[in-house]
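> Have a look at this prediction, sequence included:
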Amino acid sequence: MTVKKMPSYFNLYAAQLPALGRSGQMRLRRARVHVFGCGGLGSQITLNLAAAGVGHITVNDPQSIGIDNLNRLPWPLWMTSMSLRLIS
């Protein structure tokens, strides 16, 4: 059985390193972002911030997930949320 090594932090973000440099990527890693509202725009921004390597993301959304607002959420988010809601 072979164990795969985890890629280094900088290898994960190699595509954006030419634009940001290592110091810029480390600034993103230390950054803290608060997203208010996780509707159509907030959910996409949150996913993009996480993909860019932002270290700490807080999401605040007062609405609960309902059948009337599923079209605004990306499918992995609403599928996870609905399955958690069905379990609880």
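Good, I have the coordinates.
> contacts, neighbours, all on C-alpha from now
OK.
> For the helix or strand where G24 lies, the averaged confidence score.
Secondary-structure element containing G24, defined by DSSP states H and E: helix 17-30. If you average the pLDDT over helix 17-30, you get 89.
> For that helix, buried residues please.
25-26, 28-29 (16 or more other Cα atoms under 10 Å).
> Reformat those residues as JSON lines; add distance to A50.
Below are the buried residues of helix 17-30 laid out as JSON lines (distance: Cα to Cα, whole Å):
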{"residue": "Q25", "distance to A50": "12"}
{"residue": "M26", "distance to A50": "14"}
{"residue": "L28", "distance to A50": "10"}
{"residue": "R29", "distance to A50": "10"}
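> on that earlier part again, now could you export just the CA positions of the next helix or strand after the helix holding G24 as PDB?
Downstream of helix 17-30, the first helix or strand assigned by DSSP H and E is strand 32-36. Provided in PDB are the C-alpha atoms of strand 32-36 (Å, rounded to 0.1, in the frame of the first residue of the first chain):
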ATOM      1  CA  ARG A  32     -10.300  36.900   7.500                       C
ATOM      2  CA  VAL A  33     -13.400  37.600   5.400                       C
ATOM      3  CA  HIS A  34     -17.000  37.900   6.600                       C
ATOM      4  CA  VAL A  35     -19.700  37.300   4.000                       C
ATOM      5  CA  PHE A  36     -23.200  38.700   4.800                       C
END
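> For the next helix-or-strand element following strand 32-36, name the packing helices and strands.
Counting by DSSP H and E, the next helix or strand C-terminal to strand 32-36 is helix 40-52. In this structure, helix 40-52 makes packing contacts with strand 32-36, strand 56-60, judged by 3 or more Cα pairs under 8 Å, 6 or more residues apart in numbering; DSSP states H and E.
> which helices and strands does the first one pack with?
Taking 3+ Cα pairs under 8 Å, 6+ apart as the contact definition, the neighbouring helices and strands of strand 32-36 are helix 40-52, strand 56-60.
> Could you rerun that using 7 Å?
strand 56-60 (3 or more Cα pairs under 7 Å, 6 or more residues apart in numbering; DSSP states H and E).
> does the residue nearest to L49 when sequence neighbours are not counted have beta-bridge partners, and which?
Leaving aside its chain neighbours, L49 sits nearest to I57 (7.9 Å; criterion: Cα to Cα, 6 or more residues apart in numbering). On the basis of DSSP bridges, I57 is bridged to V33.
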